[in-house]
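Enquirer: Got a predicted structure plus its sequence, pasted below:
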Amino acid sequence: KMAARLLLAALVALVAAETPRDRAIAMMVQMTQAEKIAMVHGYGAQWGTNGYVGSVVGNDRLHIPALHLEDGPQGVADGVPLVTAFPSALTITASWDALLMAQYGSAMGTEQRAKGSNIMLGPMVNIARVPQGGRNFESMGEDPHLAAAMAGASVTGIQSAGVMGCVKHFVDNNQEQDRTSVSANIDERTQFEMYYPAFHAAVRAGVGSVMCSYNKINDVYACENNVTLNGGLKGYMGFEGFVMSDWGATHSTVLAANSGLDMEMPDSGFFGQALATAIANGQVPQSRLDDMIVRILTAMYAAGIMDTPQTGNLSANVESPDHVAFCRAAAAQSTVLLQNNGILPLNNNTLKTIAIIGDQTTVTGGGSGGVIAPYVITPMDGIGAYYTTNRPVKCTFEQDIDYYQPGNPSVPAATKEECCQACTTRSWCNYFTFTIDPPTCWLKANNSGRVAKTGLFSGGCAPYTGPTITYSSGSDIAAAVAAAKAADVAIVVAATSSSEGSDRPNLTLGNWDPLVAAVTAAQPKSVVVVRNPGAVVMPWKSQAAAIVAQFMPGQEAGNALADILFGKVNPSGRLPVTFPNNLNETWLQSAEQYPGINKETTYSEKLLVGYRWYDAKGIRPLFPFGHGLSYTTFTYSNLVVSPAQQPYSYLVSFAVQNTGRVAGSEVPQLYVGFPAAAGEPPKGLRGFAKVPLNPGETRVVAFQLTPRDFSIWDVGSHDWALQQGTFTLYAAASATDIRLTTTINV
């Protein structure tokens with residue numbers, strides 16, 4: 001028995017010592033040719049609870065689990081119900097908090113796993129090159145350093161939940177217009193410095209799979225592009241996982257397979273029998289198929305899919321109180337206070353009437369990144385709940401009575417007592433009717449329309465004693481202006497969204513702009529809340545007392561907004577994209593750059609995207625990259641640069657002090673300016689930190705700069721080349737708010 005135990009322990013230790021790739025190779029050699037072909041393509045796409053948007057059959061003989069793929073850059077997507085509508089990735093990026101991004105990834109991964117998915121199709125890390133890009137809300141902003149930091153954190157979080165991440169869309173998928181046919185014509189240096197870093201960070205974080213994109217790169221489709229797949233991804237980045245195509249983005253068998261595509265999605269048009277035939281004919285080496293299998297299995301072993309098969313299912317309710325709380329906190333921490341003349345935080349002791357005007361429910365983007373929200377906390381709900389915190393949950397009930405009022409809003413409720421609570425938390429709600437089948441709570445301002453109806457319960461709540469809160473949709477601008485003028489403060493919510501498949505037509509807020517202009521002109525105490533999938537212009541900016549950007553804040557949007565407006569949460573978000581002054585003020589100055597001519601788009605702006613272009617042109621934007629205000633103030637001091645042990649490496653540190661009266665978090669940023677001969681933009685982000693500080697507290701923040709931070713991509717040597725000369729270091733609160741500078745000679 002002792003010998004048997006020792007043998008078993010030795011075998012366990014041997015298995016534990018094997019790498020995922022070792023185990024993958026050992027499994028691959030046991031597979032038949034038919035079994036291998038069966039593993040490199042999809043088996044159709046389904047929607048909702050009918051099935052996963054992508055799947056690969058399992059292998060019962062060898063105990064290889066099936067692969068279940070689902071979209072998820074804002075939560076479990078593809079029409080799947082009973083999930084959490086989290087804030088979007090761009091929203092979380094606005095927190096400038098990598099730890100929060102990791103928590104975000106973990107929460108989404110947990111819901112994916114509970115739904116039976118073992119590959120989450122995310123994160124999406126394409127740079128927001130086109131300001132009106134339809135999928136910018138899924139992205140991680142305009143800067144490669146910020147996007148890389150967030151990409152790595154997201155992958156770490158997602159895969160910590162026992163599902164595999166799939167970083168997308170590789171590469172240069174920066175516009176939705178003509179996305180399946182346009183060629184992104186880009187030079188090598190721009191590719192390596194701007195568009196590869198976020199993917200490289202995901203690879204370093206151990207991402208299991210990469211999705212190649214619809215577009216062409218220099219006239220070759222991304223999913224059959226040897227330069228980017230075999231050269232950039234698998235060669236330069238050292239990626240050991242597998243590459244799957246975007247849905248329908250495979251265009252060939254032999255070229256795609258030999259260029260580095262490992263799995264066709266969502267079906268088998270090119271990688272089924274056609275691939276088997278190509279291998280038999282010698283057009284695709286057998287070693288290439290074996291490599292596909294090893295890569296897929298390596299990723300499955302690394303993610304734990306082989307050792308811990310999925311048990312969840314698409315019909316499961318994966319919502320949780322923890323995720324609801326995270327949604328609210330994350331949306332608040334990602335909110336950016338753009339402008340404030342002192343009106344915020346609101347003084348709830350002096351307000352008698354609050355006018356809420358405009359959008360109530362725009363909180364997510366669309367397409368494969370869209371999520372079915374189980375509910376949406378509106379601004380009315382969130383602000384009303386703030387004032388009903390101390391309202392007693394005490395109701396009177398009438399059985400078999402209906403307060404019949406067509407058009408009343410409803411919320412889910414399992415019992416009449418839950419219905420009472422739902423009404424109590426809304427300042428405008430005084431009465432309700434509860435229906436048992438289906439269990440629904442109908443909310444009402446009064447008890448008019450009282451009629452007898454068997455099986456219903458109606459009732460009234462304890463009196464509301466807070467300020468009067470009015471609502472106007474804004475469809476009638478004159479009525480909205482009148483409501484704003486009659487109130488002590490107006491909260492105007494203007495929103496626009498976007499979706500996969502098309503770009504926004506422009507950067508305006510559409511029909512909301514005339515409303516905002518009229519209200520802010522009539523009521524000087526107007527707070528404008530913008531819900532936006534990316535950058536927007538604000539022609540009414542000078543009239544607004546305060547401007548708050550929520551991006552796509554998810555289902556808890558209204559509660560998060562109230563937390564910010566009343567100071568329960570001190571805003572600490574920062575812009576991950578630059579907001580231009582007007583529609584024509586971007587780095588895309590020609591049709592050749594966007595949307596392209598004859599399906600050819602030229603990246604002639606090279607490295608000058610976002611704040612880099614503004615710096616180079618000497619233009620101050622409407623709101624700069626990295627900008628965000630707080631309810632407190634911060635000072636920077638004592639910038640110190642110390643050589644590190646590694647050659648051409650430095651430790652850069654400076655002190656940040658909270659000089660205000662309330663606690664808050666600052667986001668100090670470190671930018672590096674190169675010698676002119678390097679041909680770089682005036683400065684580029686190289687470090688940032690989220691630093692919580694109590695009133696009067698000082699902390700020293702430190703950033704490590706390595707030789708890569710002083711290097712450019714050299715197209716002659718096809719490698720990074722250290723630059724020599726005088727570099728300028730900028731300690732900053734945004735791309736334009738430079739607090740401290742110094743120079744070093746490298």
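Expert: Structure received. Numbers count the residues shown, from 1 in each chain.

Enquirer: immediately after the helix or strand where Leu337 lies, which helix or strand?
Expert: Using DSSP states H and E, Leu337 sits in strand 336-340. Per DSSP H and E, the first helix or strand lying C-terminal to strand 336-340 is strand 353-358.

Enquirer: The stretch 501-650 of the chain: strands as residue ranges?
Expert: Using DSSP state E, counting those that start in this stretch, the strands assigned to the stretch 501-650 of the chain run over residues 526-531, 546-549, 600-602, 634-643, 650-658.

Enquirer: can you pull the contacts of Asn447?
Expert: Listed by Cβ atoms under 8 Å, 6 or more residues apart in numbering, the contact partners of Asn447 are Tyr403, Asn430, Tyr431, Ser458, Gly460. Where C-beta positions appear, they are placed from N, C-alpha and C, glycine not excepted.

Enquirer: now do 10 Å
Expert: Asn447 sits next to Glu398, Ile401, Tyr403, Gln405, Asn430, Tyr431, Phe432, Thr433, Ser458, Gly459, Gly460 when contact means Cβ atoms under 10 Å, 6 or more residues apart in numbering.

Enquirer: circling back: now the strands of the stretch 501-650 of the chain in a markdown table, with distance to Val376 and mean pLDDT?
Expert: Listed next are the strands of the stretch 501-650 of the chain as a markdown table, based on distance: least, Cβ to Cβ, whole Å; pLDDT from 0 to 100:
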| stretch | distance to Val376 | mean pLDDT |
| --- | --- | --- |
| strand 526-531 | 11 | 98 |
| strand 546-549 | 18 | 98 |
| strand 600-602 | 36 | 98 |
| strand 634-643 | 34 | 97 |
| strand 650-658 | 34 | 98 |
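
Enquirer: re earlier: can I get the contacts of Asn447 in JSON lines with distance to His169?
Expert: Shown next, in JSON lines, are the contacts of Asn447 (distance: Cβ to Cβ, whole Å):
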{"residue": "Glu398", "distance to His169": "57"}
{"residue": "Ile401", "distance to His169": "56"}
{"residue": "Tyr403", "distance to His169": "52"}
{"residue": "Gln405", "distance to His169": "48"}
{"residue": "Asn430", "distance to His169": "50"}
{"residue": "Tyr431", "distance to His169": "51"}
{"residue": "Phe432", "distance to His169": "47"}
{"residue": "Thr433", "distance to His169": "48"}
{"residue": "Ser458", "distance to His169": "52"}
{"residue": "Gly459", "distance to His169": "52"}
{"residue": "Gly460", "distance to His169": "54"}
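
Enquirer: so which of these is the most crowded?
Expert: Highest neighbour count within the contacts of Asn447, by other Cβ atoms under 10 Å: Phe432, with 30 neighbours.

Enquirer: isn't that residue right up against Cys461?
Expert: Yes - contact criterion Cβ atoms under 10 Å: Phe432 and Cys461 qualify, at 7.5 Å.

Enquirer: Just the ones in strands from the contacts of Asn447, please.
Expert: Glu398, Ile401, Tyr403, Tyr431, Phe432, Thr433, Ser458, Gly459, Gly460 (DSSP state E).

Enquirer: which residues of the stretch 1-150 of the chain fall in helices?
Expert: For the stretch 1-150 of the chain, the helices defined by DSSP state H, counting those that start in this stretch occupy 2-17, 20-28, 33-37, 89-93, 98-114, 144-160.

Enquirer: Asn218: which of the strands of the stretch 501-650 of the chain is closest?
Expert: strand 600-602 (9.9 Å; Cβ to Cβ).

Enquirer: hang on, the earlier thing: centre of the chain to the strand holding Leu337, how far?
Expert: 20 Å (Cα atoms, centre = their mean, to the nearest Å).

Enquirer: what's the closest non-adjacent residue to Ser448?
Expert: Excluding its sequence neighbours, the residue lying closest to Ser448 (Cβ to Cβ, 6 or more residues apart in numbering) is Gln405, at 6.4 Å.

Enquirer: now the one you found: how far from Thr425?
Expert: To Thr425, Gln405 is 20 Å away according to Cβ to Cβ, to the nearest Å.
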